[in-house]
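Q: Just a sequence and a predicted model for now, questions to come.
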Amino acid sequence: MLWNKCWAGLLVGASIFSSVLASPIPAAPRDAPLSKREYVPDDATDYNKVLEWMDDEGIQNERLVFYTGGKQADALAFVENNPLYAYFWDVFDEDFQKDFGGVAMDSEVTAACSKAFALNAEGDVRVFGDALGGDDGYWASIEKPILLADSSIDHIWSMDDGTTDKDAHAAGDLKG
């Protein structure tokens, strides 16, 4: 009788174990990352880590808008009226800061993000305030030299002040 109870217990245990093994294992879609990378605030000062994050997030690399010389409001108005375009603060927003452990956008982080933003760009880009940029801003010292040297940049359109028209660039192409 004891043998029958033990045998029955083994059969129940084996039945439960085999049903667990037979259950489908949930899997992430093939194109989804297995896990989201974890970043700390110091990582935001490394433009390679910022580029890695941009790639993971699927940040666009075409139709980017740059600004300098106090023309942030012009760039913002432009992207609000041209929804296919993005500018710096569309990318490096609260989600970016949260993903990098609540990082503050100090000058070192902003410089790394500016470099990553320029390195990520392709095709035609637009800039507001190029003539006003000076020699020491992020545009003049980081972004513009990268874009000028990058063969994947077709045009750097110097946009008319205050325009929301994507073709309003009387100053022309800074690249050519």
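A: Good, I have the coordinates. Quantities reported herein were computed from a predicted structural model and do not represent experimental measurements. Numbering: from 1, shown residues only.

Q: for the residue nearest the centre of the chain, what are its contacts?
A: For the chain, the residue sitting closest to the mean C-alpha position, by Cα atoms, centre = their mean, is Met54 at 2.8 Å. By Cβ atoms under 8 Å, 6 or more residues apart in numbering, Met54 lies in contact with 91, 116, 120. Any C-beta I mention is one placed from the backbone N, CA and C, and that applies to glycine too.

Q: ok, now which ones touch the first one?
A: Read it as Val91. 54, 59, 113, 117.

Q: Pull the most distant pair out of the residues you listed.
A: Greatest spacing in the contacts of Val91, by Cβ to Cβ: Ile59 and Cys113 (11.1 Å).

Q: Look at these two and report which has more neighbours.
A: Neighbours were counted for Ile59 and for Cys113 using other Cβ atoms under 10 Å; Cys113 has more, 27 against 19.

Q: just to revisit the earlier point, buried residues in the helix or strand where the residue nearest to the centre of the chain lies?
A: Using DSSP states H and E, Met54 sits within helix 47-57. For helix 47-57, the buried set under the neighbour-count rule, 16 or more other Cβ atoms under 10 Å, comprises 47, 49-51, 53-54.

Q: can those residues go into JSON lines with extra columns for pLDDT and distance to Ala131?
A: Below are the buried residues of helix 47-57 laid out as JSON lines (pLDDT from 0 to 100; distance: Cβ to Cβ, whole Å):
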{"residue": "Tyr47", "pLDDT": "98", "distance to Ala131": "26"}
{"residue": "Lys49", "pLDDT": "98", "distance to Ala131": "33"}
{"residue": "Val50", "pLDDT": "98", "distance to Ala131": "28"}
{"residue": "Leu51", "pLDDT": "98", "distance to Ala131": "29"}
{"residue": "Trp53", "pLDDT": "98", "distance to Ala131": "32"}
{"residue": "Met54", "pLDDT": "97", "distance to Ala131": "29"}
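
Q: closest to Asp99 among those residues?
A: Closest approach to Asp99 among the buried residues of helix 47-57 (Cβ to Cβ): Trp53, at 6.4 Å.

Q: how close does that closest one get to Asn120?
A: Taking Cβ to Cβ, to the nearest Å as the measure, Trp53 falls 11 Å from Asn120.
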